[in-house]
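S.K.: no sequence on this one, just coordinates:
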């Protein structure tokens with residue numbers, strides 16, 4: 001009997017593949033959308049920055065005027081001692097948190113709420129940003145970094161600006177040891193990723209061949225777990241033929 005596929009082992013919920021939550025420092029989310037933010041604005045001062053293993057972008061620690069403390073994703077251009085605002089009456093400036101209906105079209109935004117009050121779910125990678133395309137009838141159209149345009153509620157909140165850490169992946173790792181520690185910080189035990197065609201036949205369905213799979217990469221949706229690799233229930237694979 002061959003080995004279990006890595007996708008099968010990861011799905012078993014073993015500690016090796018679990019996220020190391022004990023090492024994470026912050027559970028990132030916007031503060032509750034209370035009457036202070038709905039009616040006016042709450043100002044906060046940036047007191048420091050936090051490098052959390054849970055995410056690649058830096059966080060900024062803020063202290064609000066009402067003595068509350070919290071964390072937000074730091075934008076490019078922010079510094080310790082700067083002030084950010086949160087609420088309906090906040091200005092459209094980098095790092096500020098506003099409802100989307102208060103943000104002008106064409107503004108760069110990030111940490112966007114998928115549903116009003118969920119604390120921010122989309123566009124959180126280093127150096128990324130979304131573009132607010134337009135708003136109409138309580139719906140906002142946002143262009144994601146993938147260039148896909150989605151619709152979200154204009155009542156949801158977002159931060160203005162671009163997330164810090166852009167170009168982080170441009171610097172080469174130079175050696176495998178650095179790549180090892182990079183992935184281990186988030187318990188990504190799936191690294192290094194070995195190609196299926198480079199494995200033996202008992203390790204992977206595509207193994208045991210010379211540089212090719214030897215079969216179609218399409219697999220039925222109801223295939224058994226030991227065979228369910230490749231393009232699952234794909235309509236087509238390969239390059240799209242030109243109509244000309």
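M.R.: Looks like it arrived, so ask away. Small disclaimer: the values here were computed from a predicted structure and weren't measured. Residues are numbered from 1 along each chain as shown.
S.K.: residue 8 versus residue 199, what's the distance?
M.R.: To residue 8, residue 199 is 14 Å away according to C-beta to C-beta, to the nearest Å. Backbone N, C-alpha and C define where each C-beta goes, glycine included.
S.K.: and for residue 142?
M.R.: According to C-beta to C-beta, residue 142 and residue 8 sit 36 Å apart.
S.K.: and those two? Which one has more around it.
M.R.: Taking other C-beta atoms under 10 Å, residue 142 and residue 8 do not tie; residue 142 has more neighbours (22 against 13).
S.K.: that one against residue 112, yeah?
M.R.: Yes - Residue 142 sits in contact with residue 112 when judged by C-beta atoms under 8 Å, with a separation of 6.4 Å.
S.K.: give me the common contacts of the two.
M.R.: Counting by C-beta atoms under 8 Å, 6 or more residues apart in numbering, the common neighbours of residue 142 and residue 112 are 100, 130, 152.
S.K.: and residue 1, what's its pLDDT?
M.R.: Model confidence at residue 1, given as pLDDT, is 53.
S.K.: quick check: longest helix of the chain.
M.R.: helix 176-184 (DSSP state H).
S.K.: immediately after that one, which helix or strand?
M.R.: strand 218-219 (DSSP states H and E).
S.K.: which stretches of this structure form strands?
M.R.: Remark: strands assigned in the chain by DSSP state E are 41-50, 59-64, 69-73, 83-87, 97-99, 108-110, 130-136, 139-143, 149-153, 157-160, 218-219, 231-232.
S.K.: list the buried residues of the fourth one.
M.R.: Pointing back at strand 83-87 there. Using 16 or more other C-beta atoms under 10 Å as the test for burial, strand 83-87 gives 84-87.
S.K.: separation between residue 135 and residue 33?
M.R.: Distance of residue 135 to residue 33, computed by C-beta to C-beta: 19 Å.
S.K.: now swap in residue 54 and tell me
M.R.: Distance, residue 54 to residue 33, using C-beta to C-beta: 23 Å.
S.K.: who has more neighbours out of these two?
M.R.: Taking other C-beta under 10 Å, residue 54 and residue 33 do not tie; residue 33 has more neighbours (20 against 16).
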